[in-house]
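Peer 1: Below are the sequence and a predicted model for it; my questions follow.
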Amino acid sequence: MLVHEAGGSVRVSEAALSEIVRRAVASVDGVRLRKGRRRLGVELEEGRASAELRLVVVYGRILPEVCADVQERVSDALARMCDVEVGDVDVTVEELVRA
C-alpha cells in the first residue's frame, strides 16, 4: 500500500497497518478488537486512510465515549505513522464482556 511519494515511494504492508490499528485500539482501556476476523477493515488509497472496526467493550463503559476515544486514537496513529489524511474510522460495538 503506497503511503507517500517524494523522490520515490514508501509502501506499508497490510500487516503493518493492522498492527498500528491494533495497538491504537489496545491503548483504550476496556476495549479490544473482536477476534475471529481474518483481516481488519483498514484501507489506504491515494494518501487517504479509512478503517472499519468491530469492538468488544467491557460492560459498564460509556459506549459513545469509548468509541470516540478509539476513533481518535486510530486516526491519530494512522496520520502520524503513515503521514496520510484519515477519512472515516467506523466502529461497531459487537460484544460486551465482564471485566
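Peer 2: Sure, I can see it.
Peer 1: what's next to the helix of greatest length in the chain, contact-wise?
Peer 2: Longest helix in the chain, counting residues (DSSP state H): helix 63-82. With C-beta atoms under 8 Å, 6 or more residues apart in numbering as the test, helix 63-82 has contacts from 3-4, 12, 17, 20-21, 23-25, 27-28, 30-31, 44, 49, 51, 53, 55, 57, 84-86, 89, 91, 93. Quick note: C-beta positions are derived from backbone N, CA and C, even for glycine.
Peer 1: residue ranges for the strands of this structure, please.
Peer 2: Taking DSSP state E as the test, the strands found in the chain are 2-5, 9-11, 31-33, 41-45, 48-58, 85-97.
Peer 1: In a markdown table, list these along with mean neighbour count.
Peer 2: Listed next are the strands of the chain as a markdown table, based on neighbours: other C-beta atoms under 10 Å:
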| stretch | mean neighbour count |
| --- | --- |
| strand 2-5 | 13 |
| strand 9-11 | 10 |
| strand 31-33 | 18 |
| strand 41-45 | 16 |
| strand 48-58 | 19 |
| strand 85-97 | 15 |
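Peer 1: In JSON lines, list those along with mean pLDDT.
Peer 2: Listed next are those as JSON lines, based on pLDDT from 0 to 100:
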{"stretch": "strand 2-5", "mean pLDDT": "52"}
{"stretch": "strand 9-11", "mean pLDDT": "76"}
{"stretch": "strand 31-33", "mean pLDDT": "95"}
{"stretch": "strand 41-45", "mean pLDDT": "85"}
{"stretch": "strand 48-58", "mean pLDDT": "93"}
{"stretch": "strand 85-97", "mean pLDDT": "95"}
